[in-house]
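show me the folded form of this:
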Amino acid sequence: MLRRIGILLFVLAATSAEAQQTDTDLPPSDTLKQGSSLPEVIRKGTLEGRFRVFLMGTLNDGAPADYHAQAFGGSLGFSSLRWNGIQLRMSGGYTFDLWSSDLTKPDPVTGQPNRYEIGLFDLTSSRSDNQLAYVQLFQLNYRSRDERTSVIFGRQELTTPFINPQDGRMHPGLAEGLWGLHKSRQGIRVEGGWIYRMAPRSTANWYTVEQSMGLYPTGLGVDGRPSRYPGQVTTPGIVMAGIGIPLKNKLNISGWNMAVANAFNTAMLQLERGSRDDRWMIGGMVVRQDRLMNGGNKADSLAYFQHDASMAISGRLRMNLGRFRWQANYTRITADGRYVMPREWGRDPFYTFLPRERNEGHGDVHAATINLIWRTKSGWRIQADAGQYWLPAISNVQLNKYALPAYQQYDVNVQYQFKGNWKGLAAQFIYLMKLPMPDAIHTTRQAVNKVDMHHAELIINYAF
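From the prediction side, this is the model:
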């Protein structure tokens, strides 16, 4: 603990954090004039910060325990001026437990551990105090004077379909590696790189890629026994590349490929027509996964990717009506195999994704959702969602990794951005209800923290 406090004090003395931005959104200007010194580059750098208060609670139906947690934290960081396009960035974060249930104890009825509230702290080392300090960013980045090319080396925040911040807890997920981005004059966007270390959200440390696979609950293997891949996967890291091409008639095509060496490959092709502001938008994606080499380990029971392939398609139709819009979405994961992706790395890319649940780990899925979104002139954003998720039976362990019953989800997400003297302050409230499908067969142990539950969150952010 003293070591972490020392790291935090060092970082706070020289740094200030970011306000939820991606690392490719770097300050564009190269402000160092000829003849300026290195001390000037550091002394005239930018301090940034974010504070967050997060209140969370879950009510389970019947005898299983209910939970609550309240956390306070944030991040402070520093960005130097640019010198010949090069910039230094660093930041550190901290989280304090204000008032929470005892998250170290399993539910006395089912024996299941807490699922959501522990994610505000370090789920790899739950303890009674939950006081955390951690290093977030530490990088050198380069941006060309025409602002069309950037390169980042070090610890950074990536936003891709498969590795993304999923910033729904006290700090986002981060990655370490080498990442490059180029935008052509015709609007073509090409990016990619090599990732060799991860700092998943809800943890307080950095891990190699192979160590990060299995920090979250791992579910069942295809043989129905608890997954045994944590600590057993062998891979040197992730190689990923993406391209986005704007075509005529507001048509955009994008493709991504992520190879986790010695484990699995995931490719995605996405086509969308219409922008966010157009009256109509239609989009679709296809995701294909294939096993690489031995799936992560020579022993199949210890491998992460335990089948040959999986396939998923997802689509969206959206209509804008002034400040109101609706979206209808559908996803199909075929019965060829489970769609798997380490949950430590990011959220699902599918259009049917709703907060606090995923379809990762499942095959033979039909999912349908509708989103109703309203934005007001005064700064409110109100979204209501409804979803139906038809999953394979819990007994079908080959296609249901987490023993999740087929379910319905309904949620409301209200956000407000303050203005004027309160600029930088934002509030968000989320309420959701998850119910099992009428014909879903499950036990109380399989339902706790998954279905027959209500969940609410209040989040207050201040960024400067």
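
pull the contacting residues for Arg155.
Contact analysis of Arg155 by CB atoms under 8 Å, 6 or more residues apart in numbering lists 135-139, 174-176, 197, 199, 206. Quick note: C-beta positions are derived from backbone N, CA and C, even for glycine.

swap in 7 Å and give it another go.
136-139, 174, 176 (CB atoms under 7 Å, 6 or more residues apart in numbering).

ok, these vs Val260, which is closest?
For the contacts of Arg155, the closest approach to Val260 (CB to CB) belongs to Glu176, at 15.5 Å.

helix or strand: which one has that closest one?
Assigned by DSSP states H and E, Glu176 belongs to strand 174-183.

strands paired with that strand, and their directions?
Here strand 174-183 is paired, per DSSP bridges, with strand 149-156 (antiparallel), strand 189-199 (antiparallel).

remind me, longest strand of this structure?
The strand that spans the most residues within the chain, counting by DSSP state E, is strand 46-60.

could you list the buried residues of that one?
48-58, 60 (16 or more other CB atoms under 10 Å).

export it as PDB, just CAs?
Presented in PDB, the C-alpha positions along strand 46-60 are these (Å, rounded to 0.1, in the frame of the first residue of the first chain):
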ATOM      1  CA  THR A  46      -1.200  21.100 -19.700                       C
ATOM      2  CA  LEU A  47      -2.800  19.800 -16.400                       C
ATOM      3  CA  GLU A  48      -6.000  17.800 -16.700                       C
ATOM      4  CA  GLY A  49      -8.200  16.000 -14.300                       C
ATOM      5  CA  ARG A  50     -11.400  14.100 -13.600                       C
ATOM      6  CA  PHE A  51     -13.300  13.400 -10.400                       C
ATOM      7  CA  ARG A  52     -16.000  10.700 -10.200                       C
ATOM      8  CA  VAL A  53     -18.600   9.700  -7.600                       C
ATOM      9  CA  PHE A  54     -20.200   6.400  -8.300                       C
ATOM     10  CA  LEU A  55     -23.200   5.000  -6.400                       C
ATOM     11  CA  MET A  56     -24.400   1.500  -7.400                       C
ATOM     12  CA  GLY A  57     -26.900  -1.000  -6.100                       C
ATOM     13  CA  THR A  58     -28.400  -4.400  -7.000                       C
ATOM     14  CA  LEU A  59     -31.700  -5.900  -5.700                       C
ATOM     15  CA  ASN A  60     -32.100  -9.700  -6.300                       C
END
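
what helices or strands is it leaning on?
strand 67-79, strand 453-463 (3 or more CB pairs under 7 Å, 6 or more residues apart in numbering; DSSP states H and E).

sorry, back to before: and the contacts of Arg155, which is closest to Tyr431?
Leu174 (28.6 Å).

quick check: the closest one vs Gln136, distance?
Distance, Leu174 to Gln136, by CB to CB, to the nearest Å: 6 Å.

circling back to that earlier point, next, format the buried residues of strand 46-60 as JSON lines and append distance to Glu344 and pLDDT.
As requested, these are arranged in JSON lines below (distance: CB to CB, whole Å; pLDDT from 0 to 100):
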{"residue": "Glu48", "distance to Glu344": "26", "pLDDT": "93"}
{"residue": "Gly49", "distance to Glu344": "26", "pLDDT": "93"}
{"residue": "Arg50", "distance to Glu344": "22", "pLDDT": "95"}
{"residue": "Phe51", "distance to Glu344": "25", "pLDDT": "96"}
{"residue": "Arg52", "distance to Glu344": "20", "pLDDT": "97"}
{"residue": "Val53", "distance to Glu344": "25", "pLDDT": "98"}
{"residue": "Phe54", "distance to Glu344": "19", "pLDDT": "98"}
{"residue": "Leu55", "distance to Glu344": "24", "pLDDT": "98"}
{"residue": "Met56", "distance to Glu344": "20", "pLDDT": "98"}
{"residue": "Gly57", "distance to Glu344": "24", "pLDDT": "98"}
{"residue": "Thr58", "distance to Glu344": "21", "pLDDT": "98"}
{"residue": "Asn60", "distance to Glu344": "25", "pLDDT": "97"}
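
can I get those residues in JSON lines including distance to Thr331?
Formatted as JSON lines, the buried residues of strand 46-60 follow (distance: CB to CB, whole Å):
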{"residue": "Glu48", "distance to Thr331": "37"}
{"residue": "Gly49", "distance to Thr331": "38"}
{"residue": "Arg50", "distance to Thr331": "33"}
{"residue": "Phe51", "distance to Thr331": "36"}
{"residue": "Arg52", "distance to Thr331": "31"}
{"residue": "Val53", "distance to Thr331": "34"}
{"residue": "Phe54", "distance to Thr331": "29"}
{"residue": "Leu55", "distance to Thr331": "31"}
{"residue": "Met56", "distance to Thr331": "27"}
{"residue": "Gly57", "distance to Thr331": "29"}
{"residue": "Thr58", "distance to Thr331": "25"}
{"residue": "Asn60", "distance to Thr331": "27"}
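
re earlier: now the strand holding Glu176, how far from the centre of its chain.
16 Å (CA atoms, centre = their mean, to the nearest Å).

just use 590 as the starting number from now, easier for me
With the count now opening at 590, the last piece we talked about shows up as strand 763-772.

which residues touch that strand?
613, 725, 737-747, 752, 778-788, 795.

stretch 1026-1038: which residues count as buried?
Buried-residue list, stretch 1026-1038, by 16+ other CB under 10 Å: 1026, 1029, 1031, 1033, 1035-1038.

okay, how far is it across it, tip to tip?
15 Å (CA to CA, to the nearest Å).

out of the helices and strands packed on strand 635-649, which one sits most buried?
strand 656-668 (a mean of 22; mean count of other CB atoms under 10 Å).

quick check: mean pLDDT across it?
Taken as a whole, strand 656-668 carries a mean pLDDT of 96.

past that strand, which element shows up next along the chain?
Using DSSP H and E, the helix or strand that follows strand 656-668 in sequence is strand 675-686.

quick revisit: by pLDDT, give me the weakest of the buried residues of stretch 1026-1038.
Ranking these by pLDDT puts Ala1029 at the bottom, with 90.

got a pLDDT number for the nearest residue to that residue once chain neighbours are set aside?
For Ala1029, ignoring the flanking residues on the chain, the nearest one in space by CB to CB, 6 or more residues apart in numbering is Pro994 at 4.1 Å. As predicted, Pro994 sits at a pLDDT of 97.

contacting residues around the residue lying closest to Asn846 once chain neighbours are set aside?
Nearest non-adjacent residue to Asn846, counting by CB to CB, 6+ apart: Ala856, 4.8 Å away. Residues in contact with Ala856 (CB under 7 Å, 6+ apart) are 845-846, 877.
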